[in-house]
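Student: fold the following for me, if possible:
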Amino acid sequence: MSTIILGIESSCDDTSAAVIVDGILKSNVIASQKVHENYGGVVPELASRAHLQNIAPVVSEAIKQAGIRKESINAIAFTRGPGLPGSLHVGTSFSKGLALGLNVPLVDVNHLHGHVLSHFIKEDESTEVPQFPFLCLLISGGNSQIIRVNSYSDMEILGQTIDDAAGEAFDKCAKSMGLPYPGGPIIDKMAQEGDSHRFKFSKPHIAGYNYSFSGLKTSFLYTLRDEMKVNPHFIEENDKHLAASLQQTIIDILMDKFAKAVKDTGVRTIAIGGGVSANSGVRAAVQEFADKHHLKAFIPKRVFTTDNAAMIAVAGYYKYLDQQFCDIKEPPFARVII
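Tutor: Have a look, this model is predicted:
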């Protein structure tokens, strides 16, 4: 008999549902929310309302695309946290109600674990997955961490940001240039036409494997302020060079600590995950580093870098196999590390 897991993700502004059958992804439906673009960032109340509208049809479509009956589902895996409290409550409440209705167990998934385990999403039997242990550079709008992954359930944080995350640096610097939200993908596109060495921005000097991006943001802002005093058209005349220099600085910061962790641990397999791992410059830098040092690199498909239920379903699948279930009374949690 097949093991069928329905995954539900609602941690921020994407409503997603996915179905995994015996470890193979059968569907992954995502409803993105465009309403936040007008506000320069995610508005929690609007996100919660959109989840309420989207979650039932998204789950229904995921089940339909997978070609299964809801009665055949073995367990419901859901994002319990971290994330926006209101958004998490929508997904958690829906998952609990569905689990009760189907009389199947609940499996709670840490959203960050989901990003790390996105490398185990198999679209068919030939999909190659990492061997343990491996080092994962988890980079998103809310997190920047270097994680040693020893097993599906054993993950050790070696380093993390002490202030802002890499994705936040991309978005906030883009906003200071007058670019729309989300700014990260726009910076990525513009950077491909700019000179990455045109401008120099501050890089942190933090001990160990930890990150800091607050100084970079300040340095970037001060550069704009000072240059615009001399030339009011500075940004529009140098936007592509600014984007390229900003992106290269963030990549340098990320790779400096990641390279140190790889050298010190001796781990020969590396991976990246999270929304910022969709950045073309980051992806190229990680692959180049792996090639240079003869490492095995796992770089996820872009569809699996952003928030999606496929990663929640696969993380839930392995917890289900270990019989790690969640009590129906457990609430979601907004903040956690990993």
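
Student: ok, now how distant is the residue positioned nearest the centre of the chain from residue 235?
Tutor: The chain has residue 274 as the residue nearest its centroid, 2.3 Å off, counting by C-alpha atoms, centre = their mean. Separation of residue 274 from residue 235 (C-beta to C-beta, to the nearest Å): 28 Å. From N, CA and C alone the C-beta is placed, and that goes for glycine too.

Student: so after the helix or strand where residue 218 lies, what's the next helix or strand?
Tutor: Residue 218 is part of helix 214-230 when elements are defined by DSSP states H and E. Heading C-terminal from helix 214-230, the first helix or strand you meet, by DSSP H and E, is helix 234-265.

Student: pull out the buried positions in that following helix.
Tutor: 234-235, 238-251, 253-255, 257-258, 261-262 (16 or more other C-beta atoms under 10 Å).

Student: which helices and strands sit right next to that helix?
Tutor: Helix 234-265 sits against strand 134-139, strand 144-149, strand 155-160, helix 166-176, helix 183-191, helix 214-230, helix 280-292, with contacts defined as 3 or more C-beta pairs under 8 Å, 6 or more residues apart in numbering; DSSP states H and E.

Student: please state the offset of the first one from the chain centre?
Tutor: Strand 134-139 has its average C-alpha position 11 Å from the chain's average C-alpha position, going by C-alpha atoms, centre = their mean, to the nearest Å.

Student: send the alpha carbons of it over as PDB?
Tutor: Taking C-alpha atoms only, strand 134-139 is exported to PDB below (Å, rounded to 0.1, in the frame of the first residue of the first chain):
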ATOM      1  CA  PHE A 134      26.100  17.800   3.900                       C
ATOM      2  CA  LEU A 135      26.400  21.600   4.600                       C
ATOM      3  CA  CYS A 136      23.400  23.700   3.600                       C
ATOM      4  CA  LEU A 137      23.500  27.500   3.100                       C
ATOM      5  CA  LEU A 138      20.000  28.500   4.000                       C
ATOM      6  CA  ILE A 139      19.400  32.100   2.700                       C
END
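
Student: can you tell me the strand partners of it and which way each runs?
Tutor: strand 144-149 (antiparallel), strand 269-273 (parallel) (DSSP bridges).

Student: and residue 25, how far is that from residue 19?
Tutor: As judged by C-beta to C-beta, residue 25 and residue 19 stand 8 Å apart.

Student: that older thread, looking at the strands paired with strand 134-139, which is closest to residue 130?
Tutor: Checking the strands paired with strand 134-139 against residue 130 by C-beta to C-beta gives strand 269-273 as the closest, at 5.4 Å.

Student: and the closest one, how far out from the chain middle?
Tutor: Chain-centre distance of strand 269-273: 13 Å, with C-alpha atoms, centre = their mean.

Student: what residues does it touch?
Tutor: 115-116, 118-119, 130-131, 133-139, 149, 258, 262, 282-283, 286, 289-290, 295-300, 305 (C-beta atoms under 8 Å, 6 or more residues apart in numbering).

Student: just stretch 88-105 next, same as before
Tutor: So stretch 88-105 is contacted by 6, 8-11, 15, 48, 51-52, 55-56, 59, 70-71, 73-76, 78-81, 106, 320, 325-326, 328, 331-334 (C-beta under 8 Å, 6+ apart).

Student: could you do stretch 171-190 as well?
Tutor: With C-beta under 8 Å, 6+ apart, stretch 171-190 has contacts from 36-37, 39-41, 141, 164, 167, 170, 216-217, 220-221, 224, 235, 239-240, 242-244, 246-247, 275-276, 278-281.

Student: again, 6 Å this time
Tutor: 37, 40-41, 167, 170, 217, 220-221, 224, 235, 240, 243, 246-247, 279-280 (C-beta atoms under 6 Å, 6 or more residues apart in numbering).

Student: between residue 25 and residue 19, tell me which one has more neighbours.
Tutor: For residue 25 versus residue 19, neighbours defined as other C-beta atoms under 10 Å are more numerous around residue 19 (28 against 23).

Student: neighbours of the nearest residue to that one once chain neighbours are set aside, how many?
Tutor: Distances taken as C-beta to C-beta, 6 or more residues apart in numbering put residue 66 closest to residue 19, at 3.7 Å, once the chain neighbours are dropped. Residue 66 has 22 neighbours, counted by other C-beta under 10 Å.
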